[in-house]
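Asks: Take a look and give me a structure for this.
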Amino acid sequence: MYSRRKCIILWILFISFYNTACEDCSNQNIIEVIECSDSCYDVVKPFLQYFKEVKTTADKSTECQNEIQIKNEQIRSKDEVIGEKNERIREKNEIINKLNDQIKELTSKISNEIIKRCPYPKDVSGEIGDTNRIINFFKQEKLIIEKDKEIQTIREQITTKNIQIQENKNEIKRKDELLNTKDKKIHENEEQIRLKDMEILEIKNDIKKKDELLNAKYIEIQEKNDQAKSKDDQNRELTNRLKIISQNLSNANEKLSKSDETNFCPYTGSGTFHIQIPKSFEAPCNGSGWMVIQRRMDGSVDFDRTWNEYKEGFGNLTGEFFIGLEKLHLLTHARPHELKILMGDIHGDTAVAHYDDFKIGNEEKLYALEVLGKFSGDAGDSLKYHKNMKFSTFDKDNYGKCGRYYAAGWWFNHCSESSLNGNFKRNGQLMGIRGIFWSSWKKSKVSLTFVQMMIKPKDNVMKKSV
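Replies: Presented below is the predicted three-dimensional model:
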């Protein structure tokens, strides 16, 4: 029969064994890392990461199953201990029942003996033979007391055992709840794994479809490459033919321009022509008798130039340029000319300013704007304010410091209502005073993105002669 101390020791060993088993279970933490190589598809890489999560979940499920198996083993061991304790309690209960029966029997005998021997109290003191019976009676009474104490001790042990049994039952109940929780978690994990398997299957099907689509696209690209190669061959052949035609056309134009040198632009045919006034120079003509003397279109040419550069001219005749003040003086003094200015802004709006007479002085007069005829057009007159003004540049400023302030060459007059040779602003916004502007058309801070100044002789006789 186990004592209380032995039972407590067994209980402590049981708790230690349980904690040790849980620590062994929690120390298991094996995670397999799956990394994708650099050659993975961008689509496949998330799938590999997803497989990593599925593998980690499966490993955790295996750990839980191992832990449940260990707990089941511990519960079976506890059940065996409880069975042994129940058997011992049953044996003690049988002993107690036997003792209770003996106590009842002894109590009955003592009562009968007392009744027989001592029907009246006075008889006890009168008879010597009854003394031994009384002594025996007290001895039996002492034995009964001792038996009661022993019975009380046994009952206390039984109470302690019942408490331990109840605690064991509560522990078993807690383990059962934990097992149920683990079962639910395992079921949830299994359901998640099933759903993930379905997702993986769908993803595999999508990958298969995309592979088929990629193969089809690859075949299509190959066909397009073959077609492009064929087109490239055709383009090279056409380019060679075009070069030959362009060369022939250039040669023909050169011969035509050299054989037809003139001092004005023809009314038929556009391009670059040789002008004789009397010194020969090239000038672009638009095919309607107008000679282009200045053009702004993309900011490819810097117009903040020296006096000599404005005198001789600069830029690219097919792009941005200024024809030169000396040529402009010779042309406008040889015969009367009209002036036409085309303007445009970044929003696509356009306007025209036309003057029926235009002439500038020579270098001695600092190329002053001597003549400016009647205005017509929808841009407004922003050049009349500059009439009779001398031309200025940053290195030869003939009116204050306007040429330096505006970073342009122009007929400045305290300082300007227009400046078509200012800095080109690609965003079309006029910041400060440095920009291309015609104030009577765009009063707000707008810098023009297109300007073309043109002149044409006024003589109708020349038009007829052509």
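Asks: Residue 448 touches residue 344, doesn't it?
Replies: Yes. Using C-beta atoms under 8 Å, residue 448 is in contact with residue 344, at 6.6 Å. (Glycine included, C-beta is placed from N, CA and C.)
Asks: And the average pLDDT for the host helix or strand of residue 213 is what?
Replies: Element membership for residue 213 (DSSP states H and E) is helix 129-259. For helix 129-259, the mean pLDDT works out to 78.
Asks: Residue 448 and residue 344: who's more crowded?
Replies: residue 448 (26 against 17; other C-beta atoms under 10 Å).
Asks: and the protein, what are its domains?
Replies: For the chain, automatic domain parsing gives the domain ranges 4-218, 262-465.
Asks: Can you convert those into CSV and add a column each for distance to residue 237?
Replies: Shown next, in CSV, are those (distance: least, C-beta to C-beta, whole Å):
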stretch, distance to residue 237
domain 4-218, 29
domain 262-465, 27
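Asks: Let me know which of the ones you listed is tucked in deepest.
Replies: domain 262-465 (a mean of 18; mean count of other C-beta atoms under 10 Å).
Asks: now that one, how far from the centre of its chain.
Replies: Mean C-alpha position of domain 262-465 versus that of the full chain (C-alpha atoms, centre = their mean, to the nearest Å) differs by 52 Å.
Asks: circling back: mean pLDDT for the domains of the chain: which is lowest?
Replies: Lowest mean pLDDT of the domains of the chain: domain 4-218, a mean of 73.
Asks: Which parts of the protein are strands?
Replies: Assigned by DSSP state E, the strands in the chain fall at 271-276, 280-285, 291-296, 314-315, 321-322, 337-344, 350-360, 369-372, 375-377, 418-419, 437-438, 450-457.
Asks: contacting residues around the second one?
Replies: So the one you mean is strand 280-285. Applying C-beta atoms under 8 Å, 6 or more residues apart in numbering, the contact partners of strand 280-285 are 261, 265-266, 269-275, 291-293, 317-318, 323, 327.
Asks: let's see it at 10 Å
Replies: In this structure, residues lying in contact with strand 280-285 by C-beta atoms under 10 Å, 6 or more residues apart in numbering are 257-258, 261-275, 277, 290-293, 295, 312-313, 317-318, 321, 323-324, 326-327, 330-331, 452, 454-456.
Asks: So residue 196 sits against residue 50, correct?
Replies: Yes. Counting by C-beta atoms under 10 Å, residue 196 does reach residue 50; the two are 7.4 Å apart.
Asks: Chain neighbours aside, what residue packs nearest to residue 441?
Replies: Residue nearest to residue 441 in three dimensions, not counting chain neighbours: residue 379, with 4.3 Å by C-beta to C-beta, 6 or more residues apart in numbering.
Asks: Show the backbone phi and psi for that neighbour.
Replies: Residue 379 adopts backbone torsions of phi -90, psi -10, taken as degrees, to the nearest 10.
Asks: State the distance from it to residue 342.
Replies: From residue 379 across to residue 342, the span is 9 Å (C-beta to C-beta, to the nearest Å).
Asks: Which residues are in contact with each of those two?
Replies: Contact criterion C-beta under 10 Å, 6+ apart; residues shared by residue 379 and residue 342: 350-354.
Asks: Export those residues to JSON lines and append columns for distance to residue 407.
Replies: Shown next, in JSON lines, are the shared contacts of residue 379 and residue 342 (distance: C-beta to C-beta, whole Å):
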{"residue": "350", "distance to residue 407": "25"}
{"residue": "351", "distance to residue 407": "24"}
{"residue": "352", "distance to residue 407": "26"}
{"residue": "353", "distance to residue 407": "23"}
{"residue": "354", "distance to residue 407": "28"}
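Asks: Perfect, that will be all.
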